[in-house]
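K.L.:
what shape does this take:
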Amino acid sequence: MLKKGSKLYSILTGSCPKCHQESMYVNPNPYVPNHLFKMHERCSHCHTKYKIEPSFFYGSMYVSYAVGIAFAVAAFVISFLFVGASLKTAFIAIVITLVVFLPVIIRLSRNIWINLFIKYDKSWAKKR
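P.N.:
Sure, this is the predicted structure:
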């Protein structure tokens, strides 16, 4: 389902959007607080520069809002409709979900943002 060459692969794995050969992040685990925002300057395979311009990833805050809403709606649907919790409990489930998944939301937002601007290059797969 997730194979190299798709935007979804790059977004979900945090790999280079151009060649999909390595992680854009110094530490692929988003739950290491000191390394949450640390990214490599360039891809070691295709030399794509990740920070295209200063403050490039500020745009990912808009994406982060949408991703956060998606997580909140999922938490509400699961807790209120499937589990049958009260509205108060569903609200608490939303808050807990957003706090627990904050690092994942941040990384997903950055991955989506950069994939809007950089496309996969099939020629890099052939060069390997």
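K.L.:
look up how far I112 lies from G14.
P.N.:
Between G14 and I112 the distance is 11 Å, computed by C-beta to C-beta, to the nearest Å. To be clear about C-beta, it is placed using only N, CA and C from the backbone, and glycine gets the same treatment.
K.L.:
same thing with L2?
P.N.:
As judged by C-beta to C-beta, L2 and I112 stand 15 Å apart.
K.L.:
go on, K38?
P.N.:
When distance is defined by C-beta to C-beta, K38 is 19 Å away from I112.
K.L.:
which of the two has more neighbours?
P.N.:
Shown here are K38 and I112; by other C-beta atoms under 10 Å, I112 has more neighbours (17 against 10).
K.L.:
got the contact list for stretch 108-118?
P.N.:
The set of residues external to stretch 108-118 that reach it, using C-beta atoms under 8 Å, 6 or more residues apart in numbering, is 7, 10-12, 14, 17-18, 24, 39, 48, 50, 52, 56-57, 59-61, 63-64, 67.
K.L.:
now do the buried residues in it.
P.N.:
108-115, 118 (16 or more other C-beta atoms under 10 Å).
K.L.:
just give me the closest of those residues to T89.
P.N.:
For T89, the closest of those turns out to be L108, at 26.0 Å, with distances computed as C-beta to C-beta.
K.L.:
which of the contacts of stretch 108-118 are buried?
P.N.:
Applying the neighbour count, that is 16+ other C-beta under 10 Å, the buried entries in the contacts of stretch 108-118 are 10-11, 14, 17-18, 24, 39, 48, 50, 57, 60, 63-64, 67.
K.L.:
filter those residues down to the ones in helices?
P.N.:
Using DSSP state H, 10-11, 60, 63-64, 67 are the members of these that sit in helices.
K.L.:
excluding its backbone neighbours, what's nearest R42?
P.N.:
Take R42 and drop its neighbours on the chain: the residue closest to it by C-beta to C-beta, 6 or more residues apart in numbering is K49, 5.3 Å away.
K.L.:
okay, and the helix or strand of the chain with the least pLDDT?
P.N.:
Ranked by mean pLDDT, DSSP states H and E, the weakest helix or strand in the chain is helix 122-127, scoring a mean of 69.
K.L.:
no more questions from me, cheers.
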